[in-house]
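Engineer: Next input, structure requested:
(6 chains)
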6 protein chains.
Amino acid sequence: MKQIRHLKEAGGAGFVDRYTRKADTLLQPWTGREKGKYGLVGLPLSKPSISHSGASLAPGAIRKALAGYSTYSGETGIELEDTIIDFGDFYMDPTDVTGNQERLVEGMKDAYETEAAEHMIMLGGDHSISHATIKARSDQGLRIGVIQFDAHHDLRNTEDGGPTNGTPFRRLIEEEAIAGHDLVQIGIRDFSNAKAYSDYAAEKGVHVYTMGDVKEKSIRTILKKELERLAHVVDEIYLSIDMDVVDQAFAPGCPAVGPGGWIVIPY
Amino acid sequence: MKQIRHLKEAGGAGFVDRYTRKADTLLQPWTGREKGKYGLVGLPLSKPSISHSGASLAPGAIRKALAGYSTYSGETGIELEDTIIDFGDFYMDPTDVTGNQERLVEGMKDAYETEAAEHMIMLGGDHSISHATIKARSDQGLRIGVIQFDAHHDLRNTEDGGPTNGTPFRRLIEEEAIAGHDLVQIGIRDFSNAKAYSDYAAEKGVHVYTMGDVKEKSIRTILKKELERLAHVVDEIYLSIDMDVVDQAFAPGCPAVGPGGWIVIPY
Amino acid sequence: MKQIRHLKEAGGAGFVDRYTRKADTLLQPWTGREKGKYGLVGLPLSKPSISHSGASLAPGAIRKALAGYSTYSGETGIELEDTIIDFGDFYMDPTDVTGNQERLVEGMKDAYETEAAEHMIMLGGDHSISHATIKARSDQGLRIGVIQFDAHHDLRNTEDGGPTNGTPFRRLIEEEAIAGHDLVQIGIRDFSNAKAYSDYAAEKGVHVYTMGDVKEKSIRTILKKELERLAHVVDEIYLSIDMDVVDQAFAPGCPAVGPGGWIVIPY
Amino acid sequence: MKQIRHLKEAGGAGFVDRYTRKADTLLQPWTGREKGKYGLVGLPLSKPSISHSGASLAPGAIRKALAGYSTYSGETGIELEDTIIDFGDFYMDPTDVTGNQERLVEGMKDAYETEAAEHMIMLGGDHSISHATIKARSDQGLRIGVIQFDAHHDLRNTEDGGPTNGTPFRRLIEEEAIAGHDLVQIGIRDFSNAKAYSDYAAEKGVHVYTMGDVKEKSIRTILKKELERLAHVVDEIYLSIDMDVVDQAFAPGCPAVGPGGWIVIPY
Amino acid sequence: MKQIRHLKEAGGAGFVDRYTRKADTLLQPWTGREKGKYGLVGLPLSKPSISHSGASLAPGAIRKALAGYSTYSGETGIELEDTIIDFGDFYMDPTDVTGNQERLVEGMKDAYETEAAEHMIMLGGDHSISHATIKARSDQGLRIGVIQFDAHHDLRNTEDGGPTNGTPFRRLIEEEAIAGHDLVQIGIRDFSNAKAYSDYAAEKGVHVYTMGDVKEKSIRTILKKELERLAHVVDEIYLSIDMDVVDQAFAPGCPAVGPGGWIVIPY
Amino acid sequence: MKQIRHLKEAGGAGFVDRYTRKADTLLQPWTGREKGKYGLVGLPLSKPSISHSGASLAPGAIRKALAGYSTYSGETGIELEDTIIDFGDFYMDPTDVTGNQERLVEGMKDAYETEAAEHMIMLGGDHSISHATIKARSDQGLRIGVIQFDAHHDLRNTEDGGPTNGTPFRRLIEEEAIAGHDLVQIGIRDFSNAKAYSDYAAEKGVHVYTMGDVKEKSIRTILKKELERLAHVVDEIYLSIDMDVVDQAFAPGCPAVGPGGWIVIPY
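Structural biologist: Model (predicted):
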């Protein structure tokens, strides 16, 4: 066969430094047999959002952005070696929005049951997908503790608008998938939540840390305390990150983001 | 009359959570009879600006942005209950720019004289409108103290360019509407002001705090000290916020903004 | 009561020319009693779209854009005098997407039954809303002819993805709300449709005019011929405009738009 | 003196093709002595605009854009050889908006009186500057014919808003600087003008050609006819181009532009 | 092996209509054995450009855009069935710019020699890549005729700036890879080229059609005539499309584009 | 000579405050005779960049941005009085990228040898230009210490891609233009560098401070310590600033920038 000089696969013509490993090369598509430390799956659903949202584009965008990072941490001297099993994305029906949410529970159950990965990374989608990912795990009989980084409680009632991106933790508590005191909300912001939901959180025993608390106590202190507490009582800790916990200067494309949020640690 | 199912007024078709009050619902159009704690009025004038400015769009944009905030502060447990009397906006002639400034003084006098609101919130417009809003109040015989958050002194001479957005506090001092020592400027930035105006501020006894001072002493300490001082000598304290006091990463659309300004308080 | 000089209602501070009537002033909110020539209603639903779509923002944007037009046509000497009864917008549930479609049928039935307006203007939303607006009218026992300006047939099967924005005319034909030969599709574009749907259109007797036909025969000739034909057989003619019939240079924000579409008539 | 290899003046480091003359090199700053065929002057005034306008940035932007064009027309075989005397820009006071308009009349009179250039090119600014440029010429005792390419009559009354960008030709007619029948308006668009101003144009004998007329008769035919007519009766013909005559797909940054305007001649 | 319900490969979660074939599915990566009608290869080189250019991103962007088109032409009734062999992209060294050009000649020679595809489609990159693609073919002993759609001659001298995107056809003629009279340039625009290069084209017998010629004679007439002429004398006809032949309203991201270019055929 | 009232040079029509000196007025074009404290020269080369880069536009953009700053520091009371000799920009060939790098060494040597300025400010261009500017100085027999503000080591091997913007300090060390221990890298970020280059830095004795170090020790402490150390051993200290050391919220247009970088000092 005739070789074609200088040819690369489509998209492969760019610069490569032989000594630099890019983080996206850690991703390894799942074929049904892999076992490993980390698994990753996309849940590209943002139609439940009460804002005009493009969060369904995030799983693809995040996978692509990994090519902008190396695998090496100079501060700790650690080279990331473990591959990440990339399960792919769940199918999203364009009109059956709540059906998608049910299918995400089914799919996540199957994904957990493969026991392919010790730790699972789920890329949304709007925050409504955290209901599916946590519900599926809870249904396996585990007691789940949740650390939620968020500007909002996401404890809205479901009578108004159904299972939107504002409701995942309300639904999980009502369905007894998690207990209120096993939920830790960090970064809750002023003038971004209703009193009714602040009261609901208190009533259910949710541990709430506002931005003021974060400032006063430091995020490390809060995390240390809550992780220690949860570690004694739950089987697994789930970290749920809502991008709007970040200040809008740092996440300008996030729909419900605002001022007064997290910024990078300043020097 | 035949009812039309599912119909809402134009623009009213979006999601509503029955337990969440949005901050824009606090606004109540003034009909001439209302009395209350807060009043709000728009002064959509930005043609005096020496930069290409869209500040005349701000009163409308800010009213609309209120719909993105709730009325509840979880950090203090306070639910905002007081309505804000919305007086509306002052008419702006497209070519009679200085006439607009005079009409703003007239209109603000009338607005103050209604005694409809204990506290008035004025939305500009460029900073030249602070001359009108303070002048009108001073003309009522009150001694006004001013806290000004700004990167610039805004004490420019008026021979070059007339009553621009760079001159409001110069004009107020020259017209003896305020005294220099009743003016506190916080956030003044390096390489953003002329020596002549720094000297003028010193000569008139203006209390100036640079960004370096803010960093060293903290904004709370400065405010506490100056508010206590002013409280003893003035009848009323006016807070004047120029958006360019904020760092340009946080206010990218503001014309004369630059680096080195205020950022949100980091954690 | 003390008058405030120069004050206008919020948003009313801009320039007004006393001799110029703006088209938005023709809109008159419906209170249940109005009768008139034209009615307008918004159907802000775009979650059924198979593309990332902001079409739900269109009813508000179009109402606002009317302020950029006057009511006078110098070419015909006609001054628009008839008010347009603005019924408002239909409520959209954030998660019950197909329920919204059913409610739109209900709401449109009620709107037609008011007989408030001789002609109704419906603002979407994505093209799926044309199913609701035509179905509701057909259910009143009328035979409806449809002129559809569109790059696509919008005759997709509903097994894949349900009642998306690609399916309205397929559903109307299957439900016998309209007959295939009462449907005229103008502007159908190459490499934008599947052969299966071109075949389906032919099989159902849909009158299809491609962009090539438009170019060869002229839009006026086609419309004249088809309107005359339909006038003899149907009770009412419905015009359905999908923005993507326009070339993408003229509608850059439209999701499935492409090159080769309509442009403004050149001189 | 030590030479520095490879050094160019600031901004001069880019690619130069020795055989290509760029159109901006035709500009020659005026020093008071030059005489030539063409003169150019900037009138960077857009504060009279009734829209939010950046037209004051146009003189600088147009000068810079000339670097993107060569001096050669292959269709005619003509190489542009004549330099263009660049008089510079008139000073604009930031707050004295109507004073600027008066100063533009004074400055343009002086510019015409230099008799430095046979033909003058004036770069606005909003359309209000056409009052100044034509008034100054008319004051020299010349009868001026005007060809105006515009979507709008720009014949608004001046009681509402003063001498805005909507008024230049009204003011010129009222001040008898030009006669109505010496004014030819081409490109007037439907639903972009008030009946009152259409009537005013008719009453004053203005020759109005709508976009419909342009389409039917062709721009060449109209221009040929009107130029011949004017050539017999006026001393000089002034061409006034309002960018909004162009379709908005071709001038997306122009504030009052809309659909249905001029497009480039299609092939 | 445990199946995971609803799972798709990464990026595969979107809507699929079973009856619609997307044009990107015609692409089939080359493994060294395929034979077919069409081949496609990317040459992502834009560093030779004299403008700030992102043309190196085009091969990837065009492949991705194919997913927005179907394989069916309703106007002709043709369903595209032939797969397109996707050879991939040629490697681009970040600093050895002229070396890249030489490697593109080598690579294109090898690609042609595979005889895998009857027709090759080359995606640039800036227009300098047409030198490589035509040179490689000419070196195989074929006489090549070229139809070039372009606003510019791209016949610049190479002493100023070397083998830039303005030089490919000059270089091909000088190297006798093509003959001047075998080159047809269509769409050449006024004030976009230097007289020297117009003269050079004439001297070498290049067939030049300006935009004026296109308008007067129609593109079909020109193409018919030139294709017939070339068909008798050359072995192969190469079509070279420079995006800047299109009007800038239709290709806003193209660096040297301007007004007065091709627009879509209007109706 | 007839004077033209109100005329300014092209671009000079804007507002001027007689008491405010703008920082751009400190720039004084070099004519070959000037001597002074500061010199400035542009090196508008960004084609060696491994990212899609517009850094070649920076020298012009920075000169223009100086007009947005005054010459006065209120915090120190210092008025900048020294002019900055503006040498201009070095010529950049569009295709001879590595030749440009060699010419920059030649040009910088000549610039240093003029001894016109005590301190030279070099505006890139991508970071590859730091090789030229430091090499030229080192070639004069000086021992150069380098403080590098950067997210990356920029110590890549040159076999992959040649002398890119990732290689300047590797090349300087390999060519013995600087010693490893005379290089101080501050701001090195996690997951932005390969282990191989971290190891290379360690092996060559480069002093590396990560963002974690900056946070722990403070930038002032680090600079104080390193400047004292270098002051004893080198002849001259060169400060090299790569914009990507800044957090991407503060430098959104910088190609390889990311989160976790420097932000302005918060208050």
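Engineer: Least confident secondary structure element in chain A?
Structural biologist: helix A:211-217 (a mean of 90; mean pLDDT, DSSP states H and E).
Engineer: Averaged pLDDT, stretch A:63-70. What do you get?
Structural biologist: The average of the pLDDT scores along stretch A:63-70 is 97.
Engineer: Shouldn't A:Ile186 be within a strand?
Structural biologist: Yes. Assessed with DSSP: H, G, I helix; E, B strand; the rest coil, A:Ile186 lies in a strand.
Engineer: quick one on the thing from earlier: is the least confident helix or strand of chain A positioned near chain F?
Structural biologist: No. Helix A:211-217 does not reach chain F (Cβ under 8 Å from any Cβ of the partner chain); its nearest approach is 11.7 Å. All C-beta atoms are positioned from the backbone trio N, CA, C, and that covers glycine.
Engineer: Which elements pack onto that helix?
Structural biologist: strand A:183-188 (3 or more Cβ pairs under 8 Å, 6 or more residues apart in numbering or on different chains; DSSP states H and E).
Engineer: Output the strand it packs on as PDB, restricted to C-alpha atoms.
Structural biologist: Extracted in PDB, the C-alpha atoms of strand A:183-188 (Å, rounded to 0.1, in the frame of the first residue of the first chain):
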ATOM      1  CA  LEU A 183     -27.300  17.100  52.400                       C
ATOM      2  CA  VAL A 184     -24.700  19.900  52.800                       C
ATOM      3  CA  GLN A 185     -25.300  23.100  50.700                       C
ATOM      4  CA  ILE A 186     -22.400  25.400  50.300                       C
ATOM      5  CA  GLY A 187     -22.300  28.800  48.700                       C
ATOM      6  CA  ILE A 188     -26.100  29.700  49.100                       C
END
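Engineer: could you turn the helix or strand that comes right after that strand into CSV, dropping everything but the C-alphas?
Structural biologist: Using DSSP states H and E, the helix or strand that follows strand A:183-188 towards the C-terminus is helix A:195-204. Output in CSV follows, covering the C-alpha atoms of helix A:195-204 (Å, rounded to 0.1, in the frame of the first residue of the first chain):
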residue,chain,number,x,y,z
LYS,A,195,-37.6,32.2,52.3
ALA,A,196,-39.9,29.2,51.8
TYR,A,197,-37.0,27.1,50.6
SER,A,198,-34.7,28.3,53.2
ASP,A,199,-37.3,27.3,55.8
TYR,A,200,-37.8,23.9,54.1
ALA,A,201,-34.0,23.3,54.3
ALA,A,202,-34.0,24.2,58.0
GLU,A,203,-37.1,22.0,58.6
LYS,A,204,-35.5,19.0,56.9
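Engineer: Give me the contacts around helix A:195-204.
Structural biologist: Helix A:195-204 is contacted from outside by A:153, A:155-156, A:170, A:173, A:180-181, A:183, A:185, A:208, B:19-20, B:72, B:74, B:79, using Cβ atoms under 8 Å, 6 or more residues apart in numbering or on different chains.
Engineer: Show the buried residues in the residues you listed.
Structural biologist: A:153, A:155-156, A:170, A:173, A:180, A:183, A:185, A:208, B:19-20, B:72, B:74 (16 or more other Cβ atoms under 10 Å in any protein chain shown).
Engineer: export those residues to JSON lines and tack on distance to chain C and secondary structure?
Structural biologist: Below are the buried ones among the contacts of helix A:195-204 laid out as JSON lines (distance: Cβ to the nearest Cβ, whole Å; DSSP: H, G, I helix; E, B strand; the rest coil):
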{"residue": "A:His153", "distance to chain C": "17", "secondary structure": "coil"}
{"residue": "A:Leu155", "distance to chain C": "16", "secondary structure": "coil"}
{"residue": "A:Arg156", "distance to chain C": "11", "secondary structure": "coil"}
{"residue": "A:Arg170", "distance to chain C": "14", "secondary structure": "helix"}
{"residue": "A:Ile173", "distance to chain C": "19", "secondary structure": "helix"}
{"residue": "A:Gly180", "distance to chain C": "24", "secondary structure": "helix"}
{"residue": "A:Leu183", "distance to chain C": "22", "secondary structure": "strand"}
{"residue": "A:Gln185", "distance to chain C": "22", "secondary structure": "strand"}
{"residue": "A:Val208", "distance to chain C": "25", "secondary structure": "strand"}
{"residue": "B:Tyr19", "distance to chain C": "16", "secondary structure": "coil"}
{"residue": "B:Thr20", "distance to chain C": "14", "secondary structure": "coil"}
{"residue": "B:Tyr72", "distance to chain C": "21", "secondary structure": "strand"}
{"residue": "B:Gly74", "distance to chain C": "24", "secondary structure": "coil"}
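Engineer: if we can go back for a sec, pick out the lowest-pLDDT one from the contacts of helix A:195-204.
Structural biologist: Scoring the contacts of helix A:195-204 by pLDDT puts B:Gly74 last, at 94.
Engineer: what's the domain layout of chain A?
Structural biologist: A:22-126, A:142-267 (automatic domain parsing).
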